[in-house]
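A.B. asks: Give me a 3D structure for the following:
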Amino acid sequence: MIRSRTFVSLLLAVCGTASAQQPSHWMEEGAVALRQGNPKLAEEDFRHELEASPDSADAYLGVGLAELREGKLEESAASLAKASELNPALPNAHLFRGIALFQRNSLEPAAKELHEELKLQPKSAEALTWLGIVELQAGEPKQAAATLDEAGTVKQADPSLLYYQVRAHTLAAQEAFRALFKMDGDSAFVHRAQAEIYSESQQPDKAIAEYQLALKKSPKDPELYEALGNEEQRVSHTAEAASAYQSELALVPHNPIALFNLGKIQVETGDAAQGVQLLQQAVEAHASPAPACFYLGFGLAKLGRDEDAARWLERSLASSPSDLIRQRDYYDLVRVYQRLGRKADSQRALDELKKLKSSAAASSP
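C.D. replies: Next up, the predicted model:
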């Protein structure tokens, strides 16, 4: 089936808007019939036009599209070829002939027609989309992904295009993975790729096992330790996660992400003083400001350094935090302000916390 947006383009073409001529009665009637989902009547109207104007490229285009809608693929391809012959610059004729040929599983001729359409309309999102679909069917996912991505740059994404983009990139990735596995099925790269697949599919335990195998092959790769630490955190293995980040820091001592993650773990479950020290280094190394400032404030509050804690929690709020971090900021500030005797500030923080919770409850399904 051809999508409705395609029909809009076609209807403009068959009604003669590609030229300055006023569309005839039969052309208008055919366009109306197509809009109403009656391709058989539309074909009759366009053939009446051909009786009056046997060399009308627009009429052949209309007939070809009506036949395409009726499933008369061979006849449609012939009518659309005649339209292009009569007017080589006619928009959409090559596009719809490509669709007709594709539906007959004539993939190479279909691609040729769509390339011809793109010579006339280089930014035609419909032609690019259909070309990508043809390339997918022809077993060329890498080329299809590039074509479909180009379509996405010239029109607003819709579910159909996004689906084909996902399919093309998935197949291209699978093809690349098979080639990688064929080169060395037990390499660090293969295990890392497999771990990332498990991670994306929400299987952290399997991802952890693959990252560990990858590290046996490449024990000096800091990115593998960071990825392993992230997966360990997902399953609440804090000691294992901390060990992974420590290994990363041994290789890259000033890595802001590793400093932040290890500091966060320490202030939550371990040595708060050490965690504060690590988080101070993370801030200096330009870690993400809002969460780093929050956990630094959180750790300082644990150490009883409420003045410093308040300053860092306020700094976190000023750094456009996520809703979750914002709620935690206000929650901790309520208690820190109370201990500091700042009753008005504590009440203000409590009011803001209530607003956030109320808004979150209202927006939840």
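
A.B. asks: Where does pLDDT dip in this structure?
C.D. replies: The chain contains residues with pLDDT under 70 at 1-23, 364-365.

A.B. asks: domain ranges for it?
C.D. replies: 4-179, 184-237, 254-365 (automatic domain parsing).

A.B. asks: mind putting the ones you listed in TSV, mean neighbour count included?
C.D. replies: Quick note: C-beta positions are derived from backbone N, CA and C, even for glycine. Below are these laid out as TSV (neighbours: other Cβ atoms under 10 Å):
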stretch	mean neighbour count
domain 4-179	19
domain 184-237	18
domain 254-365	18
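
A.B. asks: wait, which of those domains is closest to Ser247?
C.D. replies: Closest of the domains of the chain to Ser247 is domain 184-237, at 4.6 Å (criterion: Cβ to Cβ).

A.B. asks: From the opening residue of the closest one to its closing one, how far?
C.D. replies: Taking Cα to Cα, to the nearest Å, the first and last residues of domain 184-237 lie 31 Å apart.

A.B. asks: Contacts for stretch 150-170, please.
C.D. replies: Contacts with stretch 150-170, where a contact means Cβ atoms under 8 Å, 6 or more residues apart in numbering, come from 3, 5, 123-125, 128-129, 132-133, 135-136, 141, 144-145, 148-149.

A.B. asks: now with 7 Å?
C.D. replies: Applying Cβ atoms under 7 Å, 6 or more residues apart in numbering, the external contacts of stretch 150-170 come out as 3, 123, 125, 128-129, 132-133, 136, 141, 144-145, 148-149.

A.B. asks: try stretch 211-221
C.D. replies: Contacts of stretch 211-221 (Cβ under 7 Å, 6+ apart): Ser187, Ala188, His191, Arg192, Ala195, Leu224, Ala227, Leu228, Glu231, Leu251.

A.B. asks: For the domains of the chain, please prepare CSV with the additional fields distance to Tyr245.
C.D. replies: Output for those, formatted as CSV (distance: least, Cβ to Cβ, whole Å):
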stretch, distance to Tyr245
domain 4-179, 28
domain 184-237, 5
domain 254-365, 4
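
A.B. asks: Tell me which of those domains lies nearest to Ser243.
C.D. replies: Among the domains of the chain, domain 184-237 comes nearest to Ser243, with 8.1 Å by Cβ to Cβ.

A.B. asks: roughly how far apart are Gly275 and Leu228?
C.D. replies: Distance from Gly275 to Leu228, counting by Cβ to Cβ, to the nearest Å: 20 Å.

A.B. asks: among the contacts of stretch 211-221, which are in strands?
C.D. replies: Using DSSP state E, no member of these sits in strands.

A.B. asks: residues in contact with the residue lying farthest from the centre of the chain?
C.D. replies: What lies farthest from the middle of the chain is Ala52; by Cα atoms, centre = their mean that is 50.5 Å. By Cβ under 7 Å, 6+ apart, Ala52 lies in contact with nothing.

A.B. asks: just the one 4 residues further on next, same as before
C.D. replies: When contacts are counted by Cβ under 7 Å, 6+ apart, Ser56 touches Glu49, Leu50.

A.B. asks: what phi and what psi does the backbone show at it?
C.D. replies: Dihedral pair for Ser56: phi -80, psi 110, per degrees, to the nearest 10.

A.B. asks: could you point out the longest helix in the chain?
C.D. replies: When the chain is parsed with DSSP state H, its longest helix is helix 159-183.

A.B. asks: what's the spacing between that helix and its chain's center?
C.D. replies: Centroid separation for helix 159-183 versus its chain: 14 Å, with Cα atoms, centre = their mean, to the nearest Å.

A.B. asks: ok, now stretch 106-126?
C.D. replies: That offset, for stretch 106-126, works out to 25 Å (Cα atoms, centre = their mean).

A.B. asks: Tell me where the stretch 51-200 of the chain has helices.
C.D. replies: 57-70, 73-86, 93-103, 107-120, 125-137, 141-154, 159-183, 188-200 (DSSP state H, counting those that start in this stretch).

A.B. asks: Tabulate the ones you listed (CSV), appending distance to Leu353.
C.D. replies: Converted to CSV, the helices of the stretch 51-200 of the chain look like this (distance: least, Cβ to Cβ, whole Å):
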stretch, distance to Leu353
helix 57-70, 59
helix 73-86, 64
helix 93-103, 57
helix 107-120, 56
helix 125-137, 47
helix 141-154, 41
helix 159-183, 38
helix 188-200, 33
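
A.B. asks: Between these, which one is closest to Gly263.
C.D. replies: Gly263 sits nearest to helix 188-200 of all the helices of the stretch 51-200 of the chain, at 23.0 Å, using Cβ to Cβ.

A.B. asks: between the closest one and helix 159-183, how many degrees?
C.D. replies: On the basis of axes from the mean of the first three to the mean of the last three Cα atoms, to 10 degrees, helix 188-200 is oriented at 150 degrees to helix 159-183.

A.B. asks: Alpha carbons only: can I get the next helix-or-strand element following helix 188-200 in PDB?
C.D. replies: Scanning forward in sequence from helix 188-200 by DSSP states H and E, the next helix or strand is helix 204-217. Extracted in PDB, the C-alpha atoms of helix 204-217 (Å, rounded to 0.1, in the frame of the first residue of the first chain):
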ATOM      1  CA  PRO A 204      22.800  -6.800  32.600                       C
ATOM      2  CA  ASP A 205      24.000 -10.100  34.000                       C
ATOM      3  CA  LYS A 206      24.800 -11.400  30.500                       C
ATOM      4  CA  ALA A 207      26.400  -8.000  29.700                       C
ATOM      5  CA  ILE A 208      28.600  -8.300  32.800                       C
ATOM      6  CA  ALA A 209      29.800 -11.700  31.800                       C
ATOM      7  CA  GLU A 210      30.800 -10.500  28.300                       C
ATOM      8  CA  TYR A 211      32.600  -7.400  29.600                       C
ATOM      9  CA  GLN A 212      34.600  -9.700  31.900                       C
ATOM     10  CA  LEU A 213      35.600 -11.900  28.900                       C
ATOM     11  CA  ALA A 214      36.500  -8.700  27.000                       C
ATOM     12  CA  LEU A 215      38.700  -7.500  29.800                       C
ATOM     13  CA  LYS A 216      40.600 -10.900  29.900                       C
ATOM     14  CA  LYS A 217      41.500 -10.100  26.200                       C
END
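
A.B. asks: Appreciated, that's everything.
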